[in-house]
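Undergrad: next input, structure requested:
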Amino acid sequence: MSMLREGLGVKGVHCAVGGSLGGMQVLEWLLCGAPDFVHSGFAIGCGAQHTAWQIAISETQRQAILSTPEDPARGLAVARMIAMVSYRTQMAYDRKFGRDKQDGKGDKWKVQSYLEYQGAKFLSRFDPESFVALTKLMDTHDVGRGRGGIKAALESIAQPTMILGITSDVLYPLAEQQELAECIPNAQFGRIESSEGHDGFLLEEDQVSEAAVTFLRSVEQTCRL
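TA: Down below sits the predicted model:
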């Protein structure tokens with residue numbers, strides 16, 4: 001934020017927007033940039049802190065990497081497979097793959113081939129150490145730390161805020177977004193109706209776009225730079 005202000009001379013941010021880890025950053029920007037710099041926020045698929053559930057999922061991914069010191073890239077591929085399961089739902093996987101076998105791959109299931117492909121593809125974008133560091137960083141997410149607790153921190157956010165959740169999200173359940181919306185005084189709450197799980201914020205483009213346009217129009221007059 002200081003780099004934007006001091007390095008680029010940015011005078012203000014009309015709306016901080018992000019989903020998942022980006023949503024966590026939106027909350028921090030609202031808190032750290034209030035009220036003169038960050039004028040509104042749009043957070044999708046995140047909570048006020050990383051819970052034991054989310055830390056547990058992160059830890060299984062880290063252990064996949066740490067348990068293969070002789071081939072950490074292989075461990076990273078497995079970590080990505082774990083993540084790809086947590087991002088979706090049973091319904092989405094059944095609809096996409098069912099119990100079909102992969103053509104030309106003998107007894108290999110389509111879903112097995114898909115996960116292997118996603119794991120291999122991820123290696124071109126991440127290295128194991130960066131992935132471990134990123135998941136540890138996400139596990140530290142807690143807006144209440146040093147601010148008198150979650151409720152006090154969220155209640156201090158004065159800017160107009162849109163909180164959007166995905167109805168089928170098993171990684172960041174809808175109840176977490178409802179908590180944010182209930183505690184932030186000037187918040188709106190919306191749902192992405194989807195069976196795709198956490199990835200709904202990426203896949204349901206029309207719903208996300210409609211919510212974003214509606215929200216930005218609603219704050220346009222009060223949040224001018």
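Undergrad: where does pLDDT dip in the protein?
TA: The chain contains residues with pLDDT under 70 at 221-225.
Undergrad: all strands of it, in order?
TA: Under the criterion DSSP state E, the chain carries strands at the ranges 16-19, 41-44, 161-166, 187-192.
Undergrad: what packs against the last one?
TA: If contacts are counted by 3 or more CB pairs under 8 Å, 6 or more residues apart in numbering; DSSP states H and E, strand 187-192 sits against strand 161-166, helix 174-183, helix 205-219. Yep, even glycine has a C-beta here, placed from its N, CA and C like the rest.
Undergrad: quick one: the strands of the chain as CSV, columns for mean neighbour count and distance to Pro173 too.
TA: Below are those laid out as CSV (neighbours: other CB atoms under 10 Å; distance: least, CB to CB, whole Å):
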stretch, mean neighbour count, distance to Pro173
strand 16-19, 22, 15
strand 41-44, 28, 14
strand 161-166, 27, 8
strand 187-192, 18, 12
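Undergrad: which residues are in contact with Lys110?
TA: By CB atoms under 8 Å, 6 or more residues apart in numbering, Lys110 lies in contact with 97-98, 100-102.
Undergrad: of the helices and strands packed on strand 187-192, which approaches Met91 most closely?
TA: Judged by CB to CB, the one of the helices and strands packed on strand 187-192 that comes nearest to Met91 is strand 161-166, at 12.8 Å.
Undergrad: contacts for the closest one next, please.
TA: 30, 40-45, 172, 174, 176-178, 180-181, 184, 186-192, 194, 196-198, 200-201, 204, 208, 211-212, 215.
Undergrad: now the contacts of Lys110: which count as buried?
TA: Buried by 16 or more other CB atoms under 10 Å: 97, 102, out of the contacts of Lys110.
Undergrad: widest-spaced pair of the contacts of Lys110?
TA: Applying CB to CB across those, the maximum distance is between Gly98 and Gln102, 12.0 Å.
Undergrad: these two touch, right, Arg62 and Glu129?
TA: No. If you go by CB atoms under 8 Å, Arg62 and Glu129 don't touch, sitting 10.9 Å apart.
Undergrad: between these two, who's got more neighbours?
TA: Taking other CB atoms under 10 Å, Arg62 and Glu129 do not tie; Arg62 has more neighbours (18 against 11).
Undergrad: just the buried positions in stretch 29-39, please.
TA: 29-31, 33, 37-39.
Undergrad: which one of the residues you listed is nearest to Gly106?
TA: For the buried residues of stretch 29-39, the nearest to Gly106 is Trp29 (50.3 Å; CB to CB).
Undergrad: and the closest residue to that closest one other than its chain neighbours, what are its bridge partners?
TA: Among residues not flanking Trp29 along the chain, Ala16 sits closest, at 4.3 Å (CB to CB, 6 or more residues apart in numbering). Beta-bridge partners recorded for Ala16 (DSSP bridges): Gly41.
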